[in-house]
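Engineer: Okay, sequence plus prediction incoming.
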Amino acid sequence: MTAVDYAPLDEAGFFLRAIFDVATLPAAVRDTIPGADRFRQLILIGHGGRRLWEEVKAAGLQSEHPIDDFTQATVKRWLAGQLPGVAHELIYPGDGPVGLQALGRLAGWHHDSPFRVGVNAEWGSWFAYRAVVLADSSLPLTPSMTGDSPCASCRTQPCVSACPAEALQDRDFSLQKCVAYRKQPGSRCRITCVARTSCPVRPEHRYDDAQIAHSYSRSMAMIEKLY
Ligand code: SF4
Ligand code: SF4
């Protein structure tokens, strides 16, 4: 087993890491990962809380995708420093689709929330998948994140009642209602999700407003393009 120093990832806000042996991934998950059969391990990296955004701002990136660009630079630097000479491929961020939520479930990071963003007891909904690396590494495998879904014990479900589109009222999230509401000129959800910000779990990790606006502006742009 190869010991590595995760401190450089911590310093950048990438507090969530999960190491999997590719051979032991469920076939249904492995099949969603392009090139998985060519490598021994999969390294899933996520950010949690506010630190990443602070670091991205400090880096002063003016690009169209500053978080992805910062992530790629940081993860590549970490790989070069910690796994020199080890064959690897950064497959996310990238062009191909990767089943991130399926990996998140395996890592214990993802529990379904009514508003469909993953939630867990450690970070609430304030985390995200940032990088997936395939590598011929021999890193110690990580234990799954423990803790039940916070939603299981959330009796009042404030996220459900907060959604102005009533998109969470039925058992299944209504993308149609959400999109229709977000497109309205007076929508409160053009650059945020009121349901998400109403969730009381782990408020200390809540992104600052600029980060929330950055993220939801991107999804809004996608909605304007597709619907
Ligand atoms: S408000 Fe309750 S039901 Fe909604 S995401 Fe948070 S914990 Fe889950
Ligand atoms: S973005 Fe707005 S409309 Fe969509 S689920 Fe969140 S609160 Fe509801």
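Structural biologist: Looks like it came in fine. Residues are numbered from 1 along each chain as shown. Ligands and ions are numbered 1, 2, ... in the order given.

Engineer: Which residue would you name as the spatial centre of the protein?
Structural biologist: With distances taken as CA atoms, centre = their mean, residue 128 lies nearest the centre of the chain, 1.8 Å away.

Engineer: Show me the helices in this protein, by range?
Structural biologist: In the chain, the helices defined using DSSP state H lie at 7-11, 27-30, 51-59, 66-82, 100-107, 158-162, 175-183, 194-198, 209-226.

Engineer: what is the rounded mean pLDDT of the shortest one?
Structural biologist: Right, helix 27-30. Mean pLDDT, helix 27-30: 92.

Engineer: do the same with stretch 99-109
Structural biologist: 95.

Engineer: Show me how the record splits this protein into domains.
Structural biologist: The chain breaks down into these domains under automatic domain parsing: 7-135, 152-226.

Engineer: residues from the chain in reach of ligand 1?
Structural biologist: Counting by CB under 6 Å from any ligand atom, the residues of the chain close to ligand 1 are 113-114, 119, 150-151, 154, 157-159, 199, 201. In this view, the C-beta of every residue, glycine as well, is placed from N, C-alpha and C.

Engineer: Got a quick ChimeraX command for the buried subset of those residues?
Structural biologist: Here is the ChimeraX selection string for the buried members of the residues of the chain next to ligand 1, based on 16 or more other CB atoms under 10 Å:
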select :113,114,119,150,154,159,199,201
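
Engineer: could the residues of the chain next to ligand 1 be laid out in JSON lines, adding distance to residue 67 and pLDDT?
Structural biologist: Output for these, formatted as JSON lines (distance: CB to CB, whole Å; pLDDT from 0 to 100):
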{"residue": "113", "distance to residue 67": "21", "pLDDT": "96"}
{"residue": "114", "distance to residue 67": "25", "pLDDT": "96"}
{"residue": "119", "distance to residue 67": "20", "pLDDT": "98"}
{"residue": "150", "distance to residue 67": "25", "pLDDT": "97"}
{"residue": "151", "distance to residue 67": "26", "pLDDT": "97"}
{"residue": "154", "distance to residue 67": "29", "pLDDT": "97"}
{"residue": "157", "distance to residue 67": "30", "pLDDT": "96"}
{"residue": "158", "distance to residue 67": "28", "pLDDT": "97"}
{"residue": "159", "distance to residue 67": "24", "pLDDT": "97"}
{"residue": "199", "distance to residue 67": "22", "pLDDT": "98"}
{"residue": "201", "distance to residue 67": "23", "pLDDT": "98"}
